[in-house]
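*Asks:* using only what follows, build the 3D model:
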Amino acid sequence: MTAADTGPSRDGQADGQAGRSVLITGGNRGIGLAIAKSFLANGDRVAVTYRSESNVPDGILAVQADVTDEASVDAAFTVVEAAHGPVEVLVANAGITKDTLLLRMSESDFTSVIDTNLTGAFRVIKRASRGMIRLRRGRIVLISSVTGLYGAPGQINYSSSKAGLIGMARSLTRELGSRGITANVVAPGFINTQMTAQLPAETQKNYLATIPAGRFAEPEEVAKVVRWIASDEAAYISGAVIPVDGGLGMGH
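*Replies:* Numbers count the residues shown, from 1 in each chain. From the prediction side, this is the model:
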């Protein structure tokens, strides 16, 4: 999906183009892909980043990028900006897990997860903010997790990275709020993805027993919340954490 950028108009759209320029990191599968499809259905110009394998439908621009590499991030943004114009909505979704208990966790297990999930978000937000500040508008959505609020055994690295996103969004709100830029966090719980489907049946049963809603969420349910918090309807919300977890963490 490419189009020549003819400059932004006051309503948040580029003249002669539909919708906003939206970028989702790690948007080639799972929750990220559902988010990308939701924005595409909304009429936006959507791009996603991927690390090694792109599998996205027509209409979505896929750009290879490694969020742990500043030069790679900059190159990806340059491609997206040439095709769709300055990024107006950024969804920082790229993330990894390296789960193991504390005494078995190596320093590399910890730092690599932090570098991807937390510092990676910093890299893409810093790059996106240039264009948003010039436009004096923007939506930043950080995809956290119920474990960032609730904690989880074997996920000290992952939970720390996801909790850090909350402080990041709230600091961004205080820095950039006067520029028409919002920064919010969406914290999914257990979602029906390929990863969840591979869990043993007994493990899935145990997880379900802790969820008041009695079911896992569909990726599309997360995507709808992300799309809404990035919309004009949510223009006065910033620094918020929205749990999408069926009542598992209840925002704590």
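*Asks:* to which secondary structure element is V22 assigned?
*Replies:* Per DSSP states H and E: V22 is located in strand 21-24.
*Asks:* show me what the strand ranked longest in the chain is packed against.
*Replies:* The residue-count maximum for a strand in the chain (DSSP state E) belongs to strand 181-188. Helices and strands touching strand 181-188, by 3 or more Cβ pairs under 8 Å, 6 or more residues apart in numbering; DSSP states H and E, are helix 120-135, strand 138-143, helix 156-176, helix 219-229, strand 241-244. For the C-beta atoms, the positions are set from N, CA and C on the backbone; glycine is no exception.
*Asks:* tell me the mean pLDDT over that strand?
*Replies:* For strand 181-188, mean pLDDT is 98.
*Asks:* so what touches the helix or strand just after it?
*Replies:* Downstream of strand 181-188, the first helix or strand assigned by DSSP H and E is helix 194-197. The contact list for helix 194-197 (Cβ atoms under 8 Å, 6 or more residues apart in numbering) reads 29-30, 190, 204, 216.
*Asks:* roughly how far is helix 194-197 from the heart of the chain?
*Replies:* 19 Å (Cα atoms, centre = their mean, to the nearest Å).
*Asks:* what of stretch 95-105?
*Replies:* Worked out by Cα atoms, centre = their mean, stretch 95-105 lies 21 Å from the chain centre.
*Asks:* buried stuff in that stretch?
*Replies:* By neighbour count with 16 or more other Cβ atoms under 10 Å, stretch 95-105 contains the buried residues 95-98, 105.
*Asks:* and for stretch 78-98?
*Replies:* Neighbour counts over stretch 78-98 (16+ other Cβ under 10 Å) mark 79-81, 83-98 as buried.
*Asks:* could you do stretch 160-179 as well?
*Replies:* Under 16+ other Cβ under 10 Å, the buried positions of stretch 160-179 are 160-166, 168-170, 172-173, 176.
*Asks:* want to throw those residues into JSON lines with distance to D44 and pLDDT?
*Replies:* Output for the buried residues of stretch 160-179, formatted as JSON lines (distance: Cβ to Cβ, whole Å; pLDDT from 0 to 100):
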{"residue": "S160", "distance to D44": "32", "pLDDT": "98"}
{"residue": "S161", "distance to D44": "28", "pLDDT": "98"}
{"residue": "K162", "distance to D44": "26", "pLDDT": "98"}
{"residue": "A163", "distance to D44": "29", "pLDDT": "98"}
{"residue": "G164", "distance to D44": "28", "pLDDT": "98"}
{"residue": "L165", "distance to D44": "23", "pLDDT": "98"}
{"residue": "I166", "distance to D44": "26", "pLDDT": "98"}
{"residue": "M168", "distance to D44": "24", "pLDDT": "98"}
{"residue": "A169", "distance to D44": "21", "pLDDT": "98"}
{"residue": "R170", "distance to D44": "26", "pLDDT": "98"}
{"residue": "L172", "distance to D44": "21", "pLDDT": "98"}
{"residue": "T173", "distance to D44": "23", "pLDDT": "98"}
{"residue": "L176", "distance to D44": "21", "pLDDT": "98"}
